[in-house]
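Chemist: I would like the atomic coordinates for the input below:
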Amino acid sequence: MNLLAVPLRKHVLAALLVASAGLIHGPDVCGTTLTVELQDAKDVTFVGAVNRWDQDGNPRRPVDPKAKIDAPDVDAIAEPAGDGRWTFSNLPPGTYDLVILATPRFRVEGWTYAPVLEFDPFFPARSTVEDQTRQTIAEDIKQSPHYENRVEPLAMGGDKRTVRVLVMLVRDKPTSYEGQMPGAATLRHEIWQYTWHYGNWSKEKRTRVLDRILLPRDELRQWTWLWDPALGGVEVKDSPVTLRYAVPARSARELKGLYPY
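Modeler: Below you'll find the predicted structure:
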């Protein structure tokens, strides 16, 4: 009897079992359908879905320095299906933030509070903080020096020891970009973190950047770009998902973000 043949046959058998499992389950992950049912959507021209963060909270793609405000960088684009319905077909499992564009110059978007420091948890966009904490952090942001001439906290969420802030940063005063784009302005959205240290809220130096846009300031001042927690953290697994959403009226000004000025 050849003793070397016994372990060899075991390895061959194991390889066959692995191969057959691949044939049964398939090498690729199948997607599912996400349907977005919109109200007041007659001016909507685009619905996209972006899977921003991996399971550890790291960005899945670098921030595009050439991004356009009217061309969101997304992972999937829905197709209009009539009656205000937009459908993503074969969408891979994951957590998505939705982006909606409408005419003229209107954008509304969702987000999730991704971890800023390693090993921290995610916070859903609908999480809240106490009023006193909110006021303290907002005042700290207001009094701190910034390169941008307009820095606004749009939303805060977290727990008793960690607060994350969705921040809009605008510089529409003269910048170093004037040579390549006269009248240039910058618009950026970031997630900041404040941590409770020794009886005070302290801002962490590290941030998470969601986007960075360079455009003429006259164009920037005509845009509406809002942020809505209802469009953030949409879970897609193995069953079809339907999300119903009422597109906000610009005149209501119920959501935080950029409005024409």
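
Chemist: For the rest of this, base every contact and every neighbour count on C-alpha atoms.
Modeler: OK.

Chemist: For the protein, which segments are assigned as helices?
Modeler: Assigned helices in the chain, in chain order: 5-25, 131-143, 217-220 (criterion: DSSP state H).

Chemist: From the contact counts, what lies against the shortest one?
Modeler: Okay, so that is helix 217-220. strand 184-197 (3 or more Cα pairs under 8 Å, 6 or more residues apart in numbering; DSSP states H and E).

Chemist: average pLDDT across the strand it packs on?
Modeler: Mean pLDDT, strand 184-197: 97.

Chemist: cool, and stretch 70-87?
Modeler: Averaging the model's pLDDT scores along stretch 70-87 yields 97.

Chemist: got it, and stretch 204-220?
Modeler: 97.

Chemist: List the contacts of residue 174.
Modeler: By Cα atoms under 8 Å, 6 or more residues apart in numbering, the residues touching residue 174 are 183, 184, 185.

Chemist: In JSON lines: those residues, plus distance to residue 79 and neighbour count.
Modeler: Below are these laid out as JSON lines (distance: Cα to Cα, whole Å; neighbours: other Cα atoms under 10 Å):
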{"residue": "183", "distance to residue 79": "36", "neighbour count": "17"}
{"residue": "184", "distance to residue 79": "34", "neighbour count": "22"}
{"residue": "185", "distance to residue 79": "32", "neighbour count": "25"}
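
Chemist: Mind picking the one among those that's closest to residue 141?
Modeler: Closest to residue 141 out of the contacts of residue 174 is residue 185 (20.9 Å), distances taken as Cα to Cα.

Chemist: So that closest one sits against residue 171, correct?
Modeler: Yes - counting by Cα atoms under 8 Å, residue 185 touches residue 171, with 5.6 Å between them.

Chemist: hmm, back to that, of the contacts of residue 174, which is the nearest to residue 212?
Modeler: Among the contacts of residue 174, and counting by Cα to Cα, the member closest to residue 212 is residue 185, at 10.7 Å.

Chemist: quick one, what contacts the closest one?
Modeler: Applying Cα under 8 Å, 6+ apart, we find residue 185 in contact with 170, 171, 172, 173, 174, 175, 214, 215, 216, 217, 220.

Chemist: May I ask which helix or strand of this protein has the lowest mean pLDDT?
Modeler: helix 5-25 (a mean of 41; mean pLDDT, DSSP states H and E).

Chemist: For residue 261, grab the count of nearby residues.
Modeler: The local packing of residue 261 (other Cα atoms under 10 Å) involves 9 other residues.

Chemist: same thing with residue 109?
Modeler: Residue 109: 21 neighbours (other Cα under 10 Å).

Chemist: In this structure it contacts residue 100, no?
Modeler: Yes - contact criterion Cα under 8 Å: residue 109 and residue 100 qualify, at 6.3 Å.
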